[in-house]
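A.B. asks: Pasting a predicted model and its sequence here:
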Amino acid sequence: MADDGFFQRAYDIVRQVPEGRVTTYGQVARMMGEPRKARYVGFAMHSSPGMKGGVPCHRVIFADGSLAPGFAFGGPEEQRRMLEAEGVGFLPSGKVDMSRFSWEA
DNA sequence: CCTATGACATTCG
DNA sequence: ACGAATGCCATAG
């Protein structure tokens, strides 16, 4: 299915994200050449096979550095835990320090 | 054809 | 700084 191609492309990008590094939905969408489809990237993550498929969707966060409220692994709390375990630093605001850990191709 | 919805992003008050 | 509103694109009713 051609639609799945979009998903596969999103997975391919997220799969390239190294540990201790985070990226945003808009960023991934932009790499695919379609920055307007940021929402679909999010949907792709929702449907993502998870770390088993090599898709660390927990490294994909909002543009402002916040995590997905309620749709994550068991809440943003768990996601924050995982990111911290990978070496990602968090700000006192409870958001990721994008200034340091924002992933760049 | 118009309205509603969605792991987003950006702008305004 | 935070919350609300609007914009984008695609699918469904």
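C.D. replies: Received it, and whenever you're ready, just let me know what you need.
A.B. asks: Show me which residues of chain A sit near DNA strand C.
C.D. replies: Residues of chain A lying near DNA strand C by CB under 7 Å from any atom of the strand: A:Asp3, A:Arg36, A:Lys37, A:Ala38, A:Arg39, A:Tyr40, A:Ser93. For the C-beta atoms, the positions are set from N, CA and C on the backbone; glycine is no exception.
A.B. asks: Spit out the contact partners of A:Gln79.
C.D. replies: Going by CB atoms under 8 Å, 6 or more residues apart in numbering, A:Gln79 touches A:His58, A:Leu67, A:Ala68, A:Ala72, A:Phe73.
A.B. asks: quick check, the third one in a strand?
C.D. replies: No - counting by DSSP: H, G, I helix; E, B strand; the rest coil, A:Ala68 is not part of a strand but coil.
A.B. asks: Can you tell me how far the residue nearest the centre of chain A is from A:Pro92?
C.D. replies: Among the residues of chain A, the one closest to the centroid is A:Val60, at 0.9 Å (CA atoms, centre = their mean). Separation of A:Val60 from A:Pro92 (CB to CB, to the nearest Å): 22 Å.
A.B. asks: ok, now A:His58?
C.D. replies: Look at A:His58 and A:Pro92: by CB to CB, they are 21 Å apart.
A.B. asks: got a pLDDT number for the residue nearest to the centre of chain A?
C.D. replies: For A:Val60, the pLDDT comes out at 95.
A.B. asks: and if you look at the one 5 residues further on?
C.D. replies: At A:Gly65 the predicted local distance difference test score is 93.
A.B. asks: hang on, A:Phe71 packs against A:His46?
C.D. replies: Yes - A:Phe71 lies in contact with A:His46 (CB atoms under 8 Å); the separation is 6.6 Å.
A.B. asks: Would you mind listing where chain A has pLDDT under the threshold?
C.D. replies: By pLDDT under 70, the low-scoring segments of chain A are A:1-3.
A.B. asks: Where do the helices of chain A begin and end?
C.D. replies: Along chain A, the segments classed as helices by DSSP state H run A:2-15, A:25-32, A:38-46, A:76-86, A:98-101.
A.B. asks: I appreciate the help and will end here.
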